[in-house]
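Novice: Return atomic coordinates for the entry below.
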Amino acid sequence: MKKRLLLLDLLRTLLIGDKPTAAEPAPAQPTEPTFTLSAPEPVPSSEPPAPPALAIDELPEVSEEIRDLLSSADWEEVNQGLELLGASHQTNQLRALIGLIDLTQLQIRDQQLWDQTLGIAGVHTLNAVAKLASITGVLGDLCRVSVNAVFFADTELVLDLSLLAEAKGLEELTVNGISLENAGTLSGFNGLRRLVLMSDSIDWDSDDDVDCLSGMEELHSLTVASWPWADLSPLQNSRTLEHLSIRGGDLENLAGIDSLTSLRHLRIDECYAFSSVDGVEILTQLEELSLSNVSIDDVDALSNLLHLRSLILETSETVDLTPLGALQALETAEIDCSEARGLSAMAACGKLVRLKLSSVPDCRCGDSRLRLGSGELSNLMNFWKPVHKRRNKVCTSYAEASDIGVFLLGLNLLECLSQQIDLDTFRQRLQQLNQRHGEQLLSRCHWPWVGTPEQGYSRAHPVGQWIGQVRAAGAMSERSCAELSAVLAEVLPRTPQR
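Specialist: Reported below is the predicted structural model:
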């Protein structure tokens, strides 16, 4: 109780300067050390300090004639007004206006003072800031510009890249969601190391601007939407490029990619005319490849990408994925091919730890009407329980870690029974899976053959049911069925071992 009174008196003294009255008994001296309240130490900020606040009288005066031009809805008149402003004031006077803007994002720091001084319409903000920076001579000091439409209320903003032409020291330029004009100006930014142009409205002149990227010999990362050319020849001098991402546009093939041997990451998305990956085999250092919403039907060239760790492939064409089995460094793969064949070849990918499929295509068994696909695989995955107890089966469209071996074995069984692969290939892949995932295969997968493998197999097992259906449909001979049973019996136990 005494400690509570002591704390109350201390707080009263600190907050309102009040002291205990004489009638109150003097508190006993505390036996524990006392603590005083103090303000926390300021946390240093990683952001550069904001410029000091400006007052209206610190900014240059703008005549009514110039203000009328600046308030126009027509950019040409606004541009004329800014040029008159530059001609009627000394540069050091105009530089006070730089305190109102953030050059790295072409944004306004103090919108109220900006409106009071210049009155430029919001739709012209980007161009006005760039023009003002050019008039005051500060563009040459810029190393980075990042403009994102989400930070602006007006959704129809346009940036004229020619207004940034004097930013010769620019190393990073990012434009996201903003319409772009005069894209040919990029040819003057020879020191760029990172360029991001994510806009569905870029004023490319594919004939006049074809060389606008060729001078960027120090470029390391390039992301472009609405690629205007049929190939990659405009990048012939970008030998240091390590990351290339193209979304949408007219890209059809990889001609010109032979100059980009430093590429480690390549992404091509929504280029519906893109139909060939020929030439990609030269990218011996490529680690990540993403091909989404394209129209390729041949992936043979991918088999040479021996350092590829991540693959995303989405195509609407019928494609044989057998070459993917050569990707020994592959760790993760996402496949969306409704008419794909050869998925089982990924059993040879020794480092694969994650595989995601949009669907398991139906495998037609010979000339019969019998088809084996996602339904049969789902039944088998439910029969061979996964290690992860939180799931009651291995998903037929996604597998990772300890489920990979079981999943790939199921795919190989489907393709073997549908005669997409022969028995020798199946035996080889089963041995590869056993070497890499043997513990999981032996503890979860089993093959309850009866007597000797050649004599029979359990019709209660999903694979036994499949063999019976294939035999009844005449898609596989009795001898071939017995040989398949014998191959399974060489590796798998008769009963689950866990």
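Novice: now for the helix ranked longest in the chain, which elements pack on it?
Specialist: When the chain is parsed with DSSP state H, its longest helix is helix 423-444. Judged by 3 or more CB pairs under 8 Å, 6 or more residues apart in numbering; DSSP states H and E, the packing partners of helix 423-444 are helix 404-417, helix 478-491. The way it works is simple: take the backbone N, C-alpha and C, and place the C-beta from them, glycine included.
Novice: Give me the angle between that helix and helix 404-417.
Specialist: 140 degrees (axes from the mean of the first three to the mean of the last three CA atoms, to 10 degrees).
Novice: mind saving the C-alpha coords of helix 423-444 as PDB?
Specialist: Provided in PDB are the C-alpha atoms of helix 423-444 (Å, rounded to 0.1, in the frame of the first residue of the first chain):
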ATOM      1  CA  LEU A 423       9.200 -51.300 -69.600                       C
ATOM      2  CA  ASP A 424      12.900 -50.800 -69.700                       C
ATOM      3  CA  THR A 425      12.500 -47.100 -69.200                       C
ATOM      4  CA  PHE A 426      10.100 -47.700 -66.400                       C
ATOM      5  CA  ARG A 427      12.600 -50.000 -64.700                       C
ATOM      6  CA  GLN A 428      15.400 -47.500 -65.000                       C
ATOM      7  CA  ARG A 429      13.300 -44.700 -63.500                       C
ATOM      8  CA  LEU A 430      12.000 -46.800 -60.700                       C
ATOM      9  CA  GLN A 431      15.600 -47.600 -59.800                       C
ATOM     10  CA  GLN A 432      16.500 -43.900 -59.900                       C
ATOM     11  CA  LEU A 433      13.600 -43.100 -57.600                       C
ATOM     12  CA  ASN A 434      14.600 -45.800 -55.300                       C
ATOM     13  CA  GLN A 435      18.200 -44.500 -55.100                       C
ATOM     14  CA  ARG A 436      17.000 -41.000 -54.200                       C
ATOM     15  CA  HIS A 437      13.700 -41.600 -52.300                       C
ATOM     16  CA  GLY A 438      14.100 -45.200 -51.300                       C
ATOM     17  CA  GLU A 439      13.200 -44.700 -47.600                       C
ATOM     18  CA  GLN A 440       9.900 -43.100 -48.600                       C
ATOM     19  CA  LEU A 441       9.100 -45.600 -51.300                       C
ATOM     20  CA  LEU A 442       9.700 -48.600 -49.100                       C
ATOM     21  CA  SER A 443       7.800 -47.200 -46.200                       C
ATOM     22  CA  ARG A 444       4.800 -46.100 -48.100                       C
END
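Novice: Give the buried residues for that helix.
Specialist: 425-427, 429-430, 432-434, 436-437, 440-444 (16 or more other CB atoms under 10 Å).
Novice: do you know how far residue 141 is from residue 149?
Specialist: 25 Å (CB to CB, to the nearest Å).
Novice: repeat for residue 463
Specialist: Taken as CB to CB, the span from residue 463 to residue 149 is 55 Å.
Novice: the more surrounded of those two?
Specialist: Neighbours per residue, other CB atoms under 10 Å: of residue 463 and residue 149, the larger number sits with residue 463, 26 against 17.
Novice: Is it correct that the more buried one falls within a helix?
Specialist: Yes - assessed by DSSP: H, G, I helix; E, B strand; the rest coil, residue 463 belongs to a helix.
Novice: need the contact list for the nearest residue to it once chain neighbours are set aside.
Specialist: What sits nearest to residue 463 in space, not counting adjacent residues and going by CB to CB, 6 or more residues apart in numbering, is residue 413, at 6.1 Å. Applying CB atoms under 8 Å, 6 or more residues apart in numbering, we find residue 413 in contact with 380, 426, 463, 466.
Novice: these two touch, right, residue 373 and residue 362?
Specialist: Yes - the pair residue 373 / residue 362 is scored as a contact, 3.6 Å apart, by CB atoms under 8 Å.
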